[in-house]
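[1] return atomic coordinates for the entry below.
(chains A and B)
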There are 2 protein chains.
Amino acid sequence: MLNYSAELTRLFYALSDPARRAMVERLCNGAAPVSELARPLPMSLPAAMQHLDVLAAAGLVRSEKIGRVRTCSIEPEALRRAEGWINLRRTEWESRLDRLDDYLKILGKEGDGDVSG
Amino acid sequence: MLNYSAELTRLFYALSDPARRAMVERLCNGAAPVSELARPLPMSLPAAMQHLDVLAAAGLVRSEKIGRVRTCSIEPEALRRAEGWINLRRTEWESRLDRLDDYLKILGKEGDGDVSG
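    Residues are numbered from 1 along each chain as shown, chains lettered A, B, ... in the order given. Alright, predicted model coming up:
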């Protein structure tokens, strides 16, 4: 449970930066070398590589060195876990609203009963 | 677009802390006064209120003071936006995989054709 919480902390922190989100967006369209991920960003290559380290520490990105080129790819399971946590919260909230709605309908019918009876 | 990016940055940053996630989890089961949100957390009331400020700045929580009690509730639309960004990335990645799969099947059939022809 603690590990899951620590993982969520790393995942959401990794996604809380526009440069890192841009890298995730790019990698969801396919694997890419580090240089290609860094190029569109308004920062140096070492700065971009630090962002990649944060994504790798969160388990969102893995990289592999083939010859002299380090190629990165997305880890979809990590995306799924972050999405899953938010989805669970949202559906809890919505099912609570549904229950409240059902309860209000029952109250309304009981009210109608009082009027007609 | 910049505003959307800044909003996502605030949203994911707000979710990158276990105390703030615990508050979101509690509020998805219904509105609660600040004191109730702070009680289970291993921190002082002022520290908990700082976390609530981060959640409010991200648009995840709103609060209302009725008499002497400040009551907080969740803003589901903010949860939906954070979930939506991750969902879009994940489905992009999965549709890319599907296209790759289709392409490999076509290549396989062409290969079969070569063998039989």
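[2] nearest spatial neighbour of residue A:61, chain-adjacent residues omitted?
    residue A:55 (4.1 Å; C-beta to C-beta, 6 or more residues apart in numbering or on different chains). (Glycine included, C-beta is placed from N, CA and C.)
[3] and that neighbour, what element?
    Here residue A:55, judged by DSSP states H and E, is contained in helix A:45-57.
[4] contact residues of chain A facing chain B?
    By C-beta under 8 Å from any C-beta of the partner chain, the residues of chain A that approach chain B are A:5, A:8-13, A:15-18, A:21, A:24-25, A:28-30, A:74, A:76, A:79-80, A:82-83, A:85-87, A:89-90, A:92-94, A:96.
[5] give me the pLDDT for the residue nearest the centre of chain A.
    In chain A, the residue lying closest to the centroid (C-alpha atoms, centre = their mean) is residue A:82, at 3.9 Å. pLDDT recorded at residue A:82 is 97.
[6] and it, what helix or strand is that in?
    Counting by DSSP H and E, residue A:82 is found in helix A:76-116.
[7] and the angle for that helix with helix B:76-116?
    130 degrees (axes from the mean of the first three to the mean of the last three C-alpha atoms, to 10 degrees).
[8] tell me what helix A:76-116 is packed against?
    helix A:2-14, helix B:18-27, helix B:76-116 (3 or more C-beta pairs under 8 Å, 6 or more residues apart in numbering or on different chains; DSSP states H and E).
[9] relative to residue B:44, which of those helices is closest?
    With respect to residue B:44, and counting by C-beta to C-beta, the nearest of these is helix B:18-27 at 11.6 Å.
[10] which elements pack onto the closest one?
    Helix B:18-27 sits against helix A:2-14, helix A:76-116, helix B:34-38, helix B:45-57, strand B:61-66, strand B:69-74, with contacts defined as 3+ C-beta pairs under 8 Å, 6+ apart.
[11] could you say which one of these comes nearest to residue B:106?
    Of all the helices and strands packed on helix B:18-27, it is helix A:76-116 that lies closest to residue B:106, at 23.7 Å by C-beta to C-beta.
[12] go ahead and measure how far the closest one is from the middle of the chain.
    23 Å (C-alpha atoms, centre = their mean, to the nearest Å).
[13] also stretch A:62-70?
    Relative to its parent chain, stretch A:62-70 has a centroid offset of 25 Å by C-alpha atoms, centre = their mean.
[14] repeat that for stretch A:55-67.
    Using C-alpha atoms, centre = their mean, the offset of stretch A:55-67 from its chain centre is 17 Å.
[15] report the buried residues of it.
    By 16 or more other C-beta atoms under 10 Å in any protein chain shown, the buried positions in stretch A:55-67 come out as A:55, A:58, A:59, A:60, A:61, A:63.
[16] now for these: which two are most distant?
    Counting by C-beta to C-beta, the most remote pair of the buried residues of stretch A:55-67 is A:58 and A:63, 13.3 Å apart.
[17] average pLDDT across stretch A:61-69?
    92.
[18] which residues are in contact with stretch A:48-59?
    Stretch A:48-59 has contacts (C-beta atoms under 8 Å, 6 or more residues apart in numbering or on different chains) with A:7, A:10-11, A:13-14, A:17, A:19-20, A:23-24, A:34, A:37-38, A:41, A:61-63, A:72, A:75, A:77-78.
[19] ditto for stretch A:17-36
    A:14-15, A:37, A:40-41, A:43, A:45, A:48-49, A:51-52, A:54-55, A:60-61, A:63, A:69-74, A:79, B:5, B:8-9, B:85, B:89-90, B:92-93, B:96.
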